[in-house]
Each structure stands twice: as C-alpha cells, then as structure tokens.
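> Let me see the structure of the following:
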Amino acid sequence: MLTPQLVVTHAGGEYPVHVEPGLLEALPQLVAHHLGSRPTTLIADSTVARLYLDWLRGGPSPWRPRESTCSDQPPGGWPDPLTFPAGEASKSRETWGMLTDQLLDHGLGREGGLVAMGGGVTGDLAGFVAATYLRGIPLVQVPTTLLAMLDSSVGGKVGVDTVHGKNLVGAFHPRWRS
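Sure thing, here's the model as predicted:
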C-alpha cells in the first residue's frame, strides 16, 4: 500500500493525504484500503464522468458490485457513478437532494461509503452528501484540480450554496471509518 506523504490531524482523528504519480491506477486499492469491503458509490460531475467513465468501468473498482452479507445491498450491485451537471450552479440543496435520493433508491446503507472524484464543487457537494446521508458515512476525496487538491479536499469543510451566498449550508466531515 502506498504510504501517505502527509497525515492531517484534527480534533476527530486523522486522515492521510497521498500525492504522487500513478495514484489513479492505485485508486481502487487505496479506496479498498480506506473503506474496506464497504459497498461504495462514486460521485462525479458530468465532465469528470465523461473523461474517466471508460476507465471507471474497466477493471476492478471498489465501487463495482461485490459480494456482501448486508441485506440492504441492491440485488444487481451498485450502479455506475452518480453524476450531476458540472459547474458551481450544481452545488445546491437541489443537487444534494437528487444525489441523496439516488443513494436511497439504490439502497446504500450505513455500512456504505462514498468516493468524490472531481474538482471543488464535487468535493464540497459529495462531502455534504456523505456528512448528512444516514447521519454520516465515510468519504474518500479524489481531487482532480489543483485548487481542489490544495483547498476543498483538505480540512473536511463540505457544503452547498444558497441564494443568500456560497457554502452557507454545510458541515465538517474530515474522515472515513474503516
């Protein structure tokens, strides 16, 4: 397993940050290492999904169907990654509700986990979904932009915008449980 280059310590514990070439190829193993055998769903915006969907569908991935003894895993396994329209306008309570409803429709239970793959909007939105879904499930951030790598994926601040301003509805969710 890849050794984290940085460990972020916070009041609720700590989490590793991996920064090195080749991490995309190691992503399934990293997610499996941090989320174990949890049923896992990936959330990405439409641009990231378009760019990476062929890769995501090929080979073993931790968010692909897997054997489980949990009674609430859907019979056909987990769906393709959940997506939403790219852009700041999607960082809303409406998109949060849509993603949450899709997770409920697919029967993701408390033993599940999420992977947020994308820029800052994806990290904030998927993180807020993880923080609030069934009162909190584990999350792994996979930032794909420099700003997301330096800002939104570190520190656990997650949230959505409102008509009154940016990030006014949110939480701190800087962890996963294994």
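> Please count neighbours and contacts with C-alpha atoms only from this point.
Noted.
> pLDDT on the longest strand anywhere in the chain, on average?
Ranked by residue count and defined by DSSP state E, the top strand of the chain is strand 165-172. When pLDDT is averaged along strand 165-172, the result is 91.
> which residues are contacting it?
128, 131, 155-162 (C-alpha atoms under 8 Å, 6 or more residues apart in numbering).
> quick one: strands adjacent to it?
strand 157-162 (antiparallel) (DSSP bridges).
> May I see the buried residues of the strand it pairs with?
157-161 (16 or more other C-alpha atoms under 10 Å).
> quick one: which of the residues you listed is nearest R38?
Nearest to R38, judged by C-alpha to C-alpha, of the buried residues of strand 157-162 is V158 at 21.9 Å.
> What residues does the closest one make contact with?
Counted by C-alpha under 8 Å, 6+ apart, V158 has contacts 123-128, 131, 152, 167, 170-173.
> For the chain, just list every one of the strands.
Going by DSSP E, the chain shows strands at 6-10, 13-17, 40-45, 82-84, 113-118, 139-143, 157-162, 165-172.
> Looking at those, which is nearest to E25?
Among these, strand 139-143 sits nearest to E25 (C-alpha to C-alpha), with 12.3 Å.
> residue ranges with poor pLDDT in the chain?
Applying pLDDT under 70 to the chain flags the ranges 1-4, 56-79, 174-178.
> one more time with 90
Within the chain, the stretches with pLDDT under 90 are 1-40, 50-81, 106, 146-157, 171-178.
> how far away is T83 from L24?
Using C-alpha to C-alpha, to the nearest Å, T83 is found at 19 Å from L24.
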